[in-house]
Structures are given as C-alpha cells and as structure tokens.
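[1] Test case, fold it:
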Amino acid sequence: LNLEFTWEDSTGTAIVRVKIPVGVSPNDLDVQCGDLFLKVSFPPTYILQLDLLHEIDTDLSKVTVLRDERIVEIHLQKREMAEWPEGLTIPKEFPISDRIMRREDSLGRLRAHLDEVAKKRAEANSIRQRGLVSHQMDEDRRDREALQKVEDEIRSALSGPAPPAPPRPRPRPRPHSGPRPNQ
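    So this is what the prediction gives:
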C-alpha cells in the first residue's frame, strides 16, 4: 500500500511529511535517502518511493518522527539553493527503465558514501583506541615506577644504613718473564 505524503518547499529545504498508518509502530520505520531517490517504508506493507527531480545533500538531510502527530518529517537539504516550482519528483511520463536506473545509481552512491563514512568512523575509533591504550600503558608504567620507589624505600628502611663498600684490592705486581736487563 502506498503511504500518503505532503511536501513543503523553501529555498534551501524541501520537507516531506509522511503519515504513519494506524496500527503501525513508528519503530518499524525504514528510510533510505539517496541524492535523487527517497524511500520511506513500514515493512512489509506500506511504502513510499519518490524519484526526486533535483539533487539533495544526504549528509545534511534529516529524519524526525513526530510520535504524537504520527508523522515522519524528512528534511531534504537541497544541493542548490532554489525553490522547486516544477515539483518534488520527476514527471510520471519518465520512462520506467530510466527511473529504475536512476534509483539504482542514487542508492549505489548512497551505499558507497555510507561505506566511506563507516570506514572513517572505524579509523577514528581505532586511533582513539590506540591513544587510550597508550595512555593506559603510560599510567601503568608510572604506577610501576612509584611502586618500585616505595619498595626500595621500605627495603632501605628495614636494612639500616648500607655497609661501606669493601676496599678495592691493589693490583699485584706481575712477575717479569724474560731476560733480565744488565745492571
């Protein structure tokens, strides 16, 4: 079944409002927002697919669920700051094969972008983890050094003053082997 929606246009944003059907939990919401394609669904029954006429910035777009009003608001940030007097979506006459290819391309770019974002997050987490481990190792080293100092102080206090070092033995003269010099 198709979902009902309304939309509002401004220079920088298009806002799409989708009514959450009665008997459907907002927690079941699934939104896929590519640069030229928007899909809102409550699987497996309800779906809304919009082939956008103009590109949007998926990073700056956002979804808000208004639970009390049972509405999903999708704020589509436009790539170009302009109103869309010709409408939100491509015309119905647009060939279905071109429409499908356009959707697949848009969702492919979205997947590639999300993979890149996930990779960057993983790298940032790895760097942060390494920093935390390094910091913990430094703290452990300082704790070991402090403990060693305390142990040395305790040993020193228990053993009393250290005995004087034994004198160094004098080197013995070596016997001369070989012919004696003439006197």
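[2] just checking, what packs against the helix or strand where residue 126 lies?
    Element membership of residue 126 [criterion: DSSP states H and E] is helix 96-159. For helix 96-159, the packing partners by 3 or more C-beta pairs under 8 Å, 6 or more residues apart in numbering; DSSP states H and E come out as strand 30-33, strand 37-42, strand 46-51, strand 56-66. Where you see a C-beta, it was placed from the backbone N, CA and C, and this is true even at glycine.
[3] pLDDT averaged over the second one - what is it?
    Summarised as a single mean, pLDDT over strand 37-42 is 92.
[4] Paired strands for that strand, with orientation please.
    strand 30-33 (antiparallel), strand 46-51 (antiparallel) (DSSP bridges).
[5] On the strand side of things, show who the nearest residue to residue 85 once chain neighbours are set aside bridges to.
    Setting aside the residues directly before and after it, residue 85 is nearest to residue 9 in space (C-beta to C-beta, 6 or more residues apart in numbering), at 8.0 Å. Legend: beta-bridge partners of residue 9 under DSSP bridges are residue 14.
[6] can you pull the pLDDT of the residue nearest the centre of the chain?
    By C-alpha atoms, centre = their mean, the chain has its centre lying nearest to residue 121, at 2.5 Å. Looking at residue 121, its pLDDT reads 89.
[7] Over to the one 10 residues further on?
    Reported pLDDT at residue 131 in the predicted model: 83.
[8] what's the neighbour count on it?
    Residue 131: 10 surrounding residues under other C-beta atoms under 10 Å.
[9] Residue 118 versus that one, what's the distance?
    Look at residue 131 and residue 118: by C-beta to C-beta, to the nearest Å, they are 20 Å apart.
[10] Just the element for residue 74, please.
    Per DSSP H and E: strand 71-78 holds residue 74.
[11] got the CA coordinates for that strand in CSV?
    C-alpha atoms of strand 71-78 as CSV (Å, rounded to 0.1, in the frame of the first residue of the first chain):
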residue,chain,number,x,y,z
ILE,A,71,4.1,11.9,11.2
VAL,A,72,7.5,11.3,9.8
GLU,A,73,9.2,14.5,8.6
ILE,A,74,12.1,14.2,6.2
HIS,A,75,14.0,17.5,5.8
LEU,A,76,15.8,17.3,2.4
GLN,A,77,18.7,19.7,2.2
LYS,A,78,18.9,20.9,-1.4
